[in-house]
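Asker: Dropping a prediction and its sequence here:
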Amino acid sequence: MVKAVVAGASGGIGQPLSLLLKACPLVDKLALYDVVNTPGVAADLSHISSVAQIEGFLPADDGLKKAFTGADIVVIPAGIPRKPGMTRDDLFKINAGIVKGLIEGVAQFCPDAYVLVISNPVNSTVPIAAEVLKKANKFNPQKLFGVTTLDVVRAETFVQGITGEKDPAKTVIPVIGGHSGETIVPLFSQAKPAVNIPADKLDALTNRVQFGGDEVVKAKDGAGSATLSMAYAGFRFAEKLLKAANGESGVIEPTFVYLPGVPGGDAIAKETGLEYFSVPVELGKEGAKQAHNPIPSANDYEKKLLQACYDGLKGNISKGVEFVANPPN
Ligand SMILES: NC(=O)c1ccc[n+]([C@@H]2O[C@H](COP(=O)([O-])OP(=O)(O)OC[C@H]3O[C@@H](n4cnc5c(N)ncnc54)[C@H](O)[C@@H]3O)[C@@H](O)[C@H]2O)c1
Ligand SMILES: O=C(O)C[C@H](O)C(=O)O
């Protein structure tokens, strides 16, 4: 019996993500939590003839407790999205508190669940989640994931323009670092099967992966950021995790984790000087089973990108840690 929760289920990401989870045969029970509209979204999805039993909850009447209790996996796309001209860090002020509150709910009602954080800025909200769980003595670093899958999906898609591969998802590209601008580092030199990117196209391709989010924010022109591609990416990560938890072996996907708490992570923390980083992680029943380190094999071009990534990530991470240590009044 697998119970999944979507927190922020009525939003632009939350609704299509809930649809994909409702249709997924690996999910038996689906709880939708949001501050608005979950009864309607749940009623709508409940007419779909799939396995999952679905229920919607609002904060009133102990809704958070009812939604989270017994959860095996909690996916969190709650929080405000960007408008043109904003950075992801501009979302911190509002989203930090939203994520903190939801993770306090995880600590209290489902501390053993896998927790997938989508809310931005991921580089800071994942450290917030970790600090809240540490404070409650419920932190299992192998079960906390920052969802950076959309960066991987974008890299696969955008490189297709060069390779001409019919199915873009067949090219595996490690995208590492964080989830904002220069902290996103695609390692095209390690693509499998190998891809040959002409030197004069590499800068533009790399930049498009790093700033793909801005492309969507600009096109939506004030109506939000990526929602449908994010729902696809969030579901892809959740589904891989559930398959790995069911015993499927060799399931690997990049994700933003607390390195010192994941096998193989210590060496990466030492190399990057950072406690949080996205790297390809082998998934298993325990969650993050083994972190893989692609950094030593990065080429000189990628090593330069990594330096900028480390500099940017450092501040984002400490901002999240500080938010929990010294909460603003
Ligand atoms: N990790 C990624 O790659 C990625 C990609 C796209 C978007 N995002 C982020 O995901 C977040 C959501 O984006 P969106 O487009 O779905 O926004 P949205 O505004 O459409 O939806 C957010 C939902 O969160 C709900 N919410 C607010 N406070 C809540 C709380 N305390 N508890 C439960 N629900 C609450 C809102 O009511 C709303 O329904 C944003 O922060 C966005 O930047 C991340
Ligand atoms: O760009 C955003 O703000 C949303 C998301 O992080 C994305 O990469 O699309």
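Answerer: Cool, got the structure. Ligands and ions are numbered 1, 2, ... in the order given.

Asker: Surely residue 117 touches residue 147?
Answerer: Yes - using CB atoms under 8 Å, residue 117 is in contact with residue 147, at 6.4 Å. (C-beta placed from N, C-alpha, C; glycine too.)

Asker: Just give me the longest strand of this structure.
Answerer: strand 276-284 (DSSP state E).

Asker: what is the orientation angle of the strand or helix carrying residue 302 with strand 276-284?
Answerer: For residue 302, the element it lies in under DSSP states H and E is helix 300-325. For helix 300-325 against strand 276-284, the angle by axes from the mean of the first three to the mean of the last three CA atoms, to 10 degrees is 90 degrees.

Asker: by contact count, what packs against helix 300-325?
Answerer: helix 92-109, helix 122-135, strand 175-177, strand 184-186, strand 276-284 (3 or more CB pairs under 8 Å, 6 or more residues apart in numbering; DSSP states H and E).

Asker: Let me see the contact set for the residue found closest to residue 276 once you drop the neighbours it is linked to in the chain.
Answerer: Of all residues not flanking residue 276 in the chain, residue 317 sits nearest, at 5.2 Å (CB to CB, 6 or more residues apart in numbering). Counting by CB atoms under 8 Å, 6 or more residues apart in numbering, residue 317 touches 123-124, 127, 274-276.

Asker: what's the closest of those residues to ligand 2?
Answerer: residue 123 (10.3 Å; CB to the nearest ligand atom).

Asker: Tell me, how many residues neighbour the closest one?
Answerer: 30 (other CB atoms under 10 Å).

Asker: From ligand 1, how far off is it?
Answerer: According to CB to the nearest ligand atom, to the nearest Å, residue 123 and ligand 1 sit 10 Å apart.

Asker: can you check residue 198 too?
Answerer: Taken as CB to the nearest ligand atom, the span from residue 198 to ligand 1 is 28 Å.

Asker: what pLDDT does that residue get?
Answerer: We have a pLDDT of 94 for residue 198.

Asker: from the chain's centre, how far out does the helix holding residue 302 sit?
Answerer: 17 Å (CA atoms, centre = their mean, to the nearest Å).

Asker: likewise stretch 82-94?
Answerer: Here stretch 82-94 shows a centroid-to-chain-centroid distance of 17 Å under the convention CA atoms, centre = their mean.

Asker: what's the answer for stretch 242-254, then?
Answerer: 16 Å.

Asker: Could you do stretch 119-135 as well?
Answerer: 12 Å.

Asker: So is the host helix or strand of residue 235 next to ligand 1?
Answerer: Assigned by DSSP H and E, residue 235 belongs to helix 228-245. Yes - Helix 228-245 lies within reach of ligand 1 by CB under 6 Å from any ligand atom, at residue 230.

Asker: Check which helices and strands that helix sits against.
Answerer: Using 3+ CB pairs under 8 Å, 6+ apart, helix 228-245 sits against helix 14-22, strand 73-76, strand 114-117, helix 149-163, strand 252-258, strand 276-284.

Asker: Turn these into TSV, including distance to ligand 2.
Answerer: Output for the helices and strands packed on helix 228-245, formatted as TSV (distance: least, CB to the nearest ligand atom, whole Å):
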stretch	distance to ligand 2
helix 14-22	14
strand 73-76	14
strand 114-117	12
helix 149-163	5
strand 252-258	12
strand 276-284	13
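
Asker: Ligand 1: which of these is closest?
Answerer: Going by CB to the nearest ligand atom, the one of the helices and strands packed on helix 228-245 nearest ligand 1 is helix 149-163, 4.0 Å.

Asker: Report the buried residues of that closest one.
Answerer: Buried positions in helix 149-163, judged by neighbour count with 16 or more other CB atoms under 10 Å: 149-160, 163.

Asker: what's the answer for stretch 28-48, then?
Answerer: Within stretch 28-48, the residues that qualify as buried by neighbour count (16+ other CB under 10 Å) are 29-34, 37-38, 41-42, 45.

Asker: Relative to residue 312, how far out is residue 210?
Answerer: Separation of residue 210 from residue 312 (CB to CB, to the nearest Å): 11 Å.

Asker: between the two, which one's more packed in?
Answerer: residue 210 (24 against 19).

Asker: tell me the contacts of residue 296?
Answerer: So, once contact is read as CB under 8 Å, 6+ apart, residue 296 ends up touching residue 271.

Asker: Look at it and tell me its secondary structure.
Answerer: Classification of residue 296 using DSSP: H, G, I helix; E, B strand; the rest coil returns helix.

Asker: and the gap between it and residue 268?
Answerer: Relative to residue 268, and taking CB to CB, residue 296 is found at 10 Å.

Asker: who in this structure is up against ligand 2?
Answerer: 81-82, 88, 120, 150, 213, 216-217, 225-226.

Asker: okay if I get the residues you listed as JSON lines plus distance to ligand 1?
Answerer: Converted to JSON lines, the residues of the chain next to ligand 2 look like this (distance: CB to the nearest ligand atom, whole Å):
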{"residue": "81", "distance to ligand 1": "4"}
{"residue": "82", "distance to ligand 1": "6"}
{"residue": "88", "distance to ligand 1": "6"}
{"residue": "120", "distance to ligand 1": "3"}
{"residue": "150", "distance to ligand 1": "4"}
{"residue": "213", "distance to ligand 1": "7"}
{"residue": "216", "distance to ligand 1": "8"}
{"residue": "217", "distance to ligand 1": "9"}
{"residue": "225", "distance to ligand 1": "5"}
{"residue": "226", "distance to ligand 1": "4"}
